[in-house]
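A.B. asks: I would like to see how this sequence folds:
(one chain, ligands or ions: 1)
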Amino acid sequence: MGALTVDELVGRDEWEAVNQEHGRPFVVYKFAATLDGRIAAEDGTSQWITSAESRAEVHLLRAGCHATVVGSGTQQTDNPNLAVRGNDDPRLDLSIVSNPERQPWRVVIDSDAATPADANVCNDAAPTLIVVADDSDASHLEGVVDVLRVKRADRGLDLDAALQGLYARDIKAIFLEGGPTLAGSFIAQGLVDRVVNYVAPALLGSGKSGLDGAGIHSMSEILRLELVDVSRSGPDVRLVARPVR
Ligand SMILES: NC(=O)c1ccc[n+]([C@@H]2O[C@H](COP(=O)([O-])OP(=O)(O)OC[C@H]3O[C@@H](n4cnc5c(N)ncnc54)[C@H](OP(=O)(O)O)[C@@H]3O)[C@@H](O)[C@H]2O)c1
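C.D. replies: Residues are numbered from 1 along each chain as shown. The predicted structure is shown next:
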């Protein structure tokens, strides 16, 4: 895993400052892209852009945060499990894998409670929180997973309220795994503290890119990142960066 530890990769020494200053969890945005910046093919499939080595490392990084978060688009397209699962890496604490109580939360940001009760994310591998709009019908999820109700915003849900709800559950850092629409809102609202980007030496030529609707329309608004680390991850490249604010 290159030279950095899991704690260094997820910026653990920066969590407290963000927690104290903003009263919200530290946000690590991770995405896997091709050289031309695509995170999915034109048909929406994205499994798998990066190598088995990179995907195994992602389980370590999930385990290094307190919650893994995706948008409802990713839930519907990929039906991900999001739990930390076993791999051969001796650095993964296997007691996390086998004990749902030690797993990070799995969180879906899902305005209309479109996540079905039999979605993979609702299985008993780890605790699950579905964040829904306060006017949505989430009755099918009651008793299956935890449900957090927040206000709607111009686009989807009020992310500040969602993050406060996570923070109230003692979640000090989240591992945001996309997709690009949700990540775009996080970036637009200045809510991303660290970016971990796995780049596969591959091309797709069409399909979604890492961010959609980040509120950046001109070069004068470009969000510059400071590079923290660049490393090989199997056949891929891993970049770690933080926004320059
Ligand atoms: N390569 C990778 O690293 C990677 C990772 C993840 C996903 N993917 C791919 O990305 C694609 C899915 O991405 P996506 O952009 O369609 O979906 P997404 O970002 O996962 O989810 C977007 C949805 O989240 C909900 N949402 C709730 N509050 C929001 C807010 N404040 N801002 C933005 N969205 C909010 C909205 O739907 P509602 O309001 O209806 O809930 C919105 O349409 C799939 O093809 C998947 O395979 C790739």
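
A.B. asks: give the residue farthest from the middle of this structure.
C.D. replies: Centroid-distance maximum for the chain: Ser220 at 27.4 Å, with CA atoms, centre = their mean.

A.B. asks: you'd agree it is in a helix?
C.D. replies: Yes: Ser220 sits within a helix when classified using DSSP: H, G, I helix; E, B strand; the rest coil.

A.B. asks: against which helices or strands is the lengthiest helix in the chain packed?
C.D. replies: Taking DSSP state H as the criterion, the chain has its longest helix at helix 52-64. Secondary-structure packing of helix 52-64 (3 or more CB pairs under 8 Å, 6 or more residues apart in numbering; DSSP states H and E): helix 6-9, strand 26-34, strand 173-176, strand 194-200, strand 225-233, strand 236-243. All C-beta spots, glycine's among them, are computed from the backbone N, C-alpha and C.

A.B. asks: direction-wise, compare it with strand 225-233 and give the angle.
C.D. replies: 130 degrees (axes from the mean of the first three to the mean of the last three CA atoms, to 10 degrees).

A.B. asks: what comes up buried for helix 52-64?
C.D. replies: Within helix 52-64, the residues that qualify as buried are 53-64, counting by 16 or more other CB atoms under 10 Å.

A.B. asks: any chance of those in JSON lines, plus pLDDT and distance to the ligand?
C.D. replies: Shown next, in JSON lines, are the buried residues of helix 52-64 (pLDDT from 0 to 100; distance: CB to the nearest ligand atom, whole Å):
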{"residue": "Glu53", "pLDDT": "91", "distance to the ligand": "15"}
{"residue": "Ser54", "pLDDT": "94", "distance to the ligand": "10"}
{"residue": "Arg55", "pLDDT": "93", "distance to the ligand": "10"}
{"residue": "Ala56", "pLDDT": "91", "distance to the ligand": "15"}
{"residue": "Glu57", "pLDDT": "92", "distance to the ligand": "13"}
{"residue": "Val58", "pLDDT": "94", "distance to the ligand": "9"}
{"residue": "His59", "pLDDT": "94", "distance to the ligand": "14"}
{"residue": "Leu60", "pLDDT": "93", "distance to the ligand": "16"}
{"residue": "Leu61", "pLDDT": "95", "distance to the ligand": "12"}
{"residue": "Arg62", "pLDDT": "96", "distance to the ligand": "13"}
{"residue": "Ala63", "pLDDT": "95", "distance to the ligand": "18"}
{"residue": "Gly64", "pLDDT": "95", "distance to the ligand": "17"}
